[in-house]
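Trainee: kindly generate the corresponding structure for this input.
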Amino acid sequence: MRLTSLTDYAVVMLSAAARHAPAARLTATLLADETGVPLPTAQKLMGRLAGAGLLHSARGTGGGFVLARDPSAISLADIVEAVEGPIAMTACVEDGRHDCGLEEACRVKPHWSAVNDAVKGALGGVSLATLAAPAAVAVNHISAGAVA
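Mentor: Okay, here's the model as predicted:
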C-alpha cells in the first residue's frame, strides 16, 4: 500500500500547521514556503482539508486557516480519508457494486474487513501531534503505542 503524493503533502502541511497551533492563522503560501509543497498544490489541499473538517477557514483581512481540532484529536486516518476517501484495502470492503469475478466463491472476502479495520486502526492510532513532534519523540510514541 502506498499513499499518493497529495496525501503525503497533506500530512507534511498539517504537521507544519500543528507546530503553529493552537490558534495561529495560516495561509497556503506560508505552509508552501515552510514545507516546500508547490503553492497550487498547497492551495488545493487546504481547500480539501477544510472541506473534510480538518481546517477552518476565515476570509478577508487577517483570514487564513486554523486547525479545526487539537492536533492530538486528528489522526493519520483522518488525513488519509480527507485526501483519498474512505480507507479500503480492496473493493470487497467498499459499499456498493463489486465487479470481482471471484466474489461468489472467494473464501478470503469475509476476512478483508478485519484486515481493513486493522490498517485503519493503525493509522487512526497515530495523531497529528505525534507527526508534528521531533523525530525521536514521535518514534518513541509510535513504538510505545504499537506495544500496548
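Trainee: helices along the protein, start to end?
Mentor: 5-20, 28-35, 39-51, 76-84, 109-124, 128-132, 135-147 (DSSP state H).
Trainee: which strands and helices sit next to the first one?
Mentor: If I follow you right, that is helix 5-20. Contacts defined by 3 or more CB pairs under 8 Å, 6 or more residues apart in numbering; DSSP states H and E place helix 5-20 against helix 28-35, helix 39-51, strand 64-67, helix 76-84, helix 128-132. (Glycine included, C-beta is placed from N, CA and C.)
Trainee: who's in contact with residue 15?
Mentor: Residue 15 sits next to 128, 131, 132 when contact means CB atoms under 8 Å, 6 or more residues apart in numbering.
Trainee: and if you look at residue 44?
Mentor: Counting by CB under 8 Å, 6+ apart, residue 44 has contacts residue 6.
Trainee: from memory residue 70 sits against residue 54, does it?
Mentor: No. Using CB atoms under 8 Å, residue 70 is not in contact with residue 54, being 11.6 Å away.
Trainee: for the chain, what are the low-confidence residue spans?
Mentor: Applying pLDDT under 70 to the chain flags the ranges 23, 95-98, 136-148.
Trainee: tell me the residue furthest from the middle of it?
Mentor: In the chain, the greatest distance from the average C-alpha position (CA atoms, centre = their mean) is reached by residue 105, at 34.7 Å.
Trainee: give me phi/psi at that residue?
Mentor: phi -110, psi 10 (degrees, to the nearest 10).
Trainee: before we move on, the earlier item: for residue 64, which of the helices of the chain is the nearest?
Mentor: helix 28-35 (7.9 Å; CB to CB).
Trainee: from the contact counts, what lies against that closest one?
Mentor: helix 5-20, helix 39-51.
Trainee: noted, bye for now.
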